[in-house]
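Colleague: Could you work out the structure for the sequence below:
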Amino acid sequence: MAEHRQQLHRTDNMKYHFHENGPSTSKVLTVATLLPIGGTLLFLSGFSFFASLIGLAIAAPIFLIFSPVLVPAALLIAGSVAGFLTSGAFGITALSSLSWIVNFLRGRRGSMSHPLQLETMEWPTQDTEANMGQKVKSRGQGGRIREDAGKTQEGGK
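Modeller: Next up is the predicted model:
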């Protein structure tokens, strides 16, 4: 009888433990819903992988037999696609360039384009050269001051 009470007490403790520390109902429902979906998707991915392997095993000898025809055909198709894409890119570039030139000549400049006005454009002048010379001199003096400070520190030691 004592063993039976002790076993009931353990069962009550486990129920309390799981009730307090166990997963919530929403987590249990999430796992119960996603487990079959995940299993089904895993099965389908494995099935498609093995079907691909079987298809490759069947098609490999056919590819080997017809490779003298398939390789040049593949190269021809790849070259044709590259040619069409390149011609399309050149065509779009030409049309956009012509459109920009027409808009420029009409005076309608977009917000992204910069007007080409050479008269108002600032070029490097003597002022810039003078400013650069002043910067070089000030940096040179700063270096001398540092060297002098280093000599006085060494002499003071």
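Colleague: Could you identify the longest helix within the protein?
Modeller: Secondary structure of the chain read by DSSP state H shows that its longest helix is helix 25-106.
Colleague: mean confidence for that one?
Modeller: Averaging pLDDT along helix 25-106 yields 91.
Colleague: helices or strands up against it?
Modeller: In terms of contacts (3 or more CB pairs under 8 Å, 6 or more residues apart in numbering; DSSP states H and E), helix 25-106 is packed against no helix or strand at all. For glycine as for every other residue, the C-beta is placed from the backbone atoms N, C-alpha and C.
Colleague: Residue numbering should commence at 510 henceforth.
Modeller: New numbering, starting at 510: the last item is helix 534-615.
Colleague: Report how many residues lie close to Asn612.
Modeller: 13 (other CB atoms under 10 Å).
Colleague: How about Gly642?
Modeller: Gly642 has 10 neighbouring residues, counting by other CB under 10 Å.
Colleague: quick one: it from Pro532, how far?
Modeller: 76 Å (CB to CB, to the nearest Å).
Colleague: And for Ile546?
Modeller: As judged by CB to CB, Ile546 and Pro532 stand 19 Å apart.
Colleague: now swap in Ser647 and tell me
Modeller: Counting by CB to CB - Ser647 and Pro532 are separated by 71 Å.
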